[in-house]
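A.B. asks: No sequence on hand, only this structure:
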């Protein structure tokens, strides 16, 4: 080969190009490490799309508020908290792959978020495999805490719905013919069964117990059945869209129960806006609302509401608070690990979670040995003039229940 | 209770028919298996909702707007489908599945993840018909569906265009040999489908609810009824819708609400087994 200056120039140019690339890679990896060293990575999996997108997005917003609050206060031990969010698309198999990615590839130190047991359950198993603590934001099924998964915690429990509902029905409503209709999901089915057992123990017989698929397109035949049985109180364990259809069809068919109680998906501003006046007098349950926070947590609750409004330009709801509470549990546990100068490992965070005792707006957060919250309790609420009023238990009531609900014909 | 079930079954069945007709027509003429049918219907509902909510346009006036939106959407869809090669059914499933994801995310972005309702005050009232109470929403669903079904039946059976469409459904090649412009039939099928979806969408928003991912259940319903009816059998679609609506209503009364979908599934399997060519099929090959 001839010693051509052109060849030398080409070789030099290629070498220069490669060298530049290597330098760039080295710099970026140094920067990455530096960044990784200064942040604590917390994973979050929620249904941000698909059929549970609304609730998933709300939980995500609550988690974001908790992290923003912690970071604004200087982080933990000088380190910022970094939230790594993933969308499970409301699908269990996607939830598993997202959890694998967060735990195995990204190596977050803990996970939070999650809505409904069918999505939370698979995530909890991946967390167990990687020995990474998972604090679920919204989960009810008892089976999940019976698996003896030491890395699984949650901020909600089924009894938190059952006890206030049972109490209100037995002490305030005294129904003559009560029907429980529920969605064919694990949480809703368990709620219906536990509530029936509780009511029976207090002398109330359930006249009709029916199961339906969430998203049923027509409730008219079921309404005909309820009317023919002279049902006076309906407890509906469906979700927001089921309530929308059922209530609308109750009105269309002029069936006016003394009380319509929907524990899930009614006490929300979005529901009230969509339903308009038809939402008036409906009963539901709620763990928290800006109007009624756990006594003694008024300041924290107000601070949460203010920050949430600044960040999202709207009023927060109980689902947002579930996300906030689960993230606060993790932040509290991580802070405790750092304060005690312990290595930030999954096992240490898990240990701190099991010792946690925090007064949060939604509940006094203490986990039992199975990871269930000991003090998670809803209040029974009623929608009045577009606002949510607590009506039971009496010590937390902000108004007296209007019972029976005015019939459709008696309303303006 | 039985009268309620009967009225509810026929009213719901008529609406099922309205939902399925567009799908059956497009599939019958073009052999494009449009999985995005439900998403388009929900999109039409959202268009009506947006007009009703933002511009306080009366509910009835939202129908023409929803139809126009669907005509544009179906025109784009047809252009996309026309680029597909064989096997057409399979390729159209893949393409329309992509469109489903795109539309769902677009609706999530545009209309958020809140459930939306179109509130029509007149729907909350009703009237007694031979001692049976029928709500206005049931009556409107029934009447509008019957009018549309009647018009489609007239078009398909009494006009040259209808005959050409039916000929294309039965045998594309033979129709082309007979001088029918098969490509134009495809465009007409998409346009008619768009009108049907545009009419069903606002009704869906006013009698059910709108949510970005509810479309899949609508698509599933349309597919089920098309299978019941037999591909390309418009009269079969009507009968299939009514049978399904009535069977579901009776199942709730007799067996309980949890049996509703089971009865639909059993019906579908039975029809596939005993009447594979559809409810009005005569067992031709």
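C.D. replies: Perfect, I can see it now. Because the structure is predicted, anything quoted here is derived from the model rather than measured.

A.B. asks: chain center to stretch B:107-116, what's the gap?
C.D. replies: Computed by Cα atoms, centre = their mean, to the nearest Å, the chain-centroid distance of stretch B:107-116 equals 22 Å.

A.B. asks: Kindly report the same for stretch A:369-381.
C.D. replies: Mean-position distance between stretch A:369-381 and its chain equals 13 Å (Cα atoms, centre = their mean).

A.B. asks: start to end distance for that stretch?
C.D. replies: One end of stretch A:369-381 sits 30 Å from the other (Cα to Cα, to the nearest Å).

A.B. asks: Only the buried residues of that stretch, if you could.
C.D. replies: A:370, A:371, A:372, A:373, A:376, A:377, A:378, A:379, A:380, A:381 (16 or more other Cβ atoms under 10 Å in any protein chain shown). (Glycine included, C-beta is placed from N, CA and C.)

A.B. asks: Just put those residues in a markdown table and tack on pLDDT and distance to chain B.
C.D. replies: Shown next, in a markdown table, are the buried residues of stretch A:369-381 (pLDDT from 0 to 100; distance: Cβ to the nearest Cβ, whole Å):
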| residue | pLDDT | distance to chain B |
| --- | --- | --- |
| A:370 | 92 | 30 |
| A:371 | 94 | 29 |
| A:372 | 94 | 28 |
| A:373 | 95 | 26 |
| A:376 | 95 | 25 |
| A:377 | 93 | 27 |
| A:378 | 94 | 22 |
| A:379 | 95 | 24 |
| A:380 | 96 | 23 |
| A:381 | 96 | 19 |
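
A.B. asks: Mind putting those residues into TSV with secondary structure?
C.D. replies: Below are the buried residues of stretch A:369-381 laid out as TSV (DSSP: H, G, I helix; E, B strand; the rest coil):
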residue	secondary structure
A:370	coil
A:371	coil
A:372	coil
A:373	strand
A:376	coil
A:377	coil
A:378	coil
A:379	strand
A:380	strand
A:381	strand
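
A.B. asks: Present these as CSV; the columns should include distance to residue B:149.
C.D. replies: Output for the buried residues of stretch A:369-381, formatted as CSV (distance: Cβ to Cβ, whole Å):
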residue, distance to residue B:149
A:370, 57
A:371, 56
A:372, 54
A:373, 54
A:376, 52
A:377, 53
A:378, 47
A:379, 50
A:380, 47
A:381, 45
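
A.B. asks: For the stretch 101-250 of chain B, just list every one of the strands.
C.D. replies: Assignment of strands within the stretch 101-250 of chain B using DSSP state E, counting those that start in this stretch yields the ranges B:126-129, B:132-135.

A.B. asks: again with the stretch 251-400 of chain A
C.D. replies: Taking DSSP E, counting those that start in this stretch as the test, the strands found in the stretch 251-400 of chain A are A:259-262, A:283-286, A:358-359, A:364-365, A:379-384, A:387-392.

A.B. asks: Output those as CSV; include the columns distance to residue A:199.
C.D. replies: Putting the strands of the stretch 251-400 of chain A into CSV (distance: least, Cβ to Cβ, whole Å) gives the following:
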stretch, distance to residue A:199
strand A:259-262, 12
strand A:283-286, 15
strand A:358-359, 32
strand A:364-365, 27
strand A:379-384, 14
strand A:387-392, 15
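
A.B. asks: Quick one: neighbours of residue 170, just the number.
C.D. replies: Just so you know, I chose chain A. Other residues near residue A:170 come to 16 when the count uses other Cβ atoms under 10 Å in any protein chain shown.

A.B. asks: hmm, I had chain B in mind actually
C.D. replies: 12.

A.B. asks: what's the spacing between it and residue A:365?
C.D. replies: Distance, residue B:170 to residue A:365, by Cβ to Cβ, to the nearest Å: 68 Å.

A.B. asks: related to what we said a few turns ago, can you redo the strands of the stretch 101-250 of chain B as TSV with distance to chain A?
C.D. replies: Output for the strands of the stretch 101-250 of chain B, formatted as TSV (distance: least, Cβ to the nearest Cβ, whole Å):
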stretch	distance to chain A
strand B:126-129	6
strand B:132-135	4
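
A.B. asks: any low-confidence regions in the stretch 151-285 of chain B?
C.D. replies: B:232, B:281-285 (pLDDT under 70).

A.B. asks: So which bits of it are right by chain A?
C.D. replies: Selection of the stretch 151-285 of chain B residues close to chain A by Cβ under 8 Å from any Cβ of the partner chain yields B:208-209, B:211-214, B:217, B:221, B:248-250, B:252-253, B:256-258, B:260-261.

A.B. asks: hang on, the earlier thing: between the buried residues of stretch A:369-381, which sits nearest residue A:179?
C.D. replies: Minimum distance to residue A:179 across these is 17.6 Å, recorded for residue A:380 (Cβ to Cβ).

A.B. asks: which non-adjacent residue is nearest the closest one?
C.D. replies: residue A:392 (3.9 Å; Cβ to Cβ, 6 or more residues apart in numbering or on different chains).

A.B. asks: Could you pull up the residues touching that neighbour?
C.D. replies: Contact analysis of residue A:392 by Cβ atoms under 8 Å, 6 or more residues apart in numbering or on different chains lists A:164, A:167, A:168, A:171, A:172, A:379, A:380, A:401.

A.B. asks: try 10 Å
C.D. replies: Taking Cβ atoms under 10 Å, 6 or more residues apart in numbering or on different chains, we find residue A:392 in contact with A:164-165, A:167-169, A:171-173, A:283, A:285, A:378-382, A:400-401.

A.B. asks: Among the residues you listed, name the buried ones.
C.D. replies: A:164-165, A:167-169, A:172-173, A:283, A:285, A:378-382, A:401.

A.B. asks: which pair in those residues spans the largest distance?
C.D. replies: Checking the buried ones among the contacts of residue A:392 with Cβ to Cβ, the most distant pair is A:173 and A:378, at 15.9 Å.

A.B. asks: what sits against the residue in the stretch 301-412 of chain A that chain B sits nearest to?
C.D. replies: Residue nearest to chain B within the stretch 301-412 of chain A (Cβ to the nearest Cβ): residue A:408, separated by 7.5 Å. If you count contacts by Cβ under 10 Å, 6+ apart, residue A:408 has them with A:250, A:251, A:252, A:253, A:254, A:255, A:256, A:278, B:124, B:125.

A.B. asks: List only those of the residues you listed flagged as buried.
C.D. replies: A:250, A:251, A:252, A:253, A:254, A:255, A:256, A:278, B:124.

A.B. asks: mind listing what the second one touches?
C.D. replies: Taking Cβ under 10 Å, 6+ apart as the criterion, residue A:251 is in contact with A:275, A:278, A:408, A:411, B:123, B:124, B:125, B:126, B:135, B:137.

A.B. asks: So for those, which is the shakiest by pLDDT?
C.D. replies: In terms of pLDDT, residue B:124 ranks lowest among the contacts of residue A:251, with 77.

A.B. asks: if I look at the closest residue in space to that residue that isn't next to it in sequence, how far off is residue B:40?
C.D. replies: The shortest distance from residue B:124 to any non-neighbouring residue, by Cβ to Cβ, 6+ apart, is to residue A:251 (5.1 Å). Here residue A:251 is placed at a distance of 29 Å from residue B:40 (Cβ to Cβ).

A.B. asks: same check, this time on residue B:152
C.D. replies: Distance, residue B:152 to residue B:40, by Cβ to Cβ: 18 Å.

A.B. asks: Residue A:359 contacts residue A:296, doesn't it?
C.D. replies: Yes - between residue A:359 and residue A:296 there is a contact at 6.1 Å, judged by Cβ atoms under 10 Å.

A.B. asks: more crowded one of those two?
C.D. replies: Using other Cβ under 10 Å as the criterion, residue A:359 and residue A:296 rank with residue A:359 on top: 14 against 11.

A.B. asks: If anything else comes up later, I'll come back, but that's it for now.
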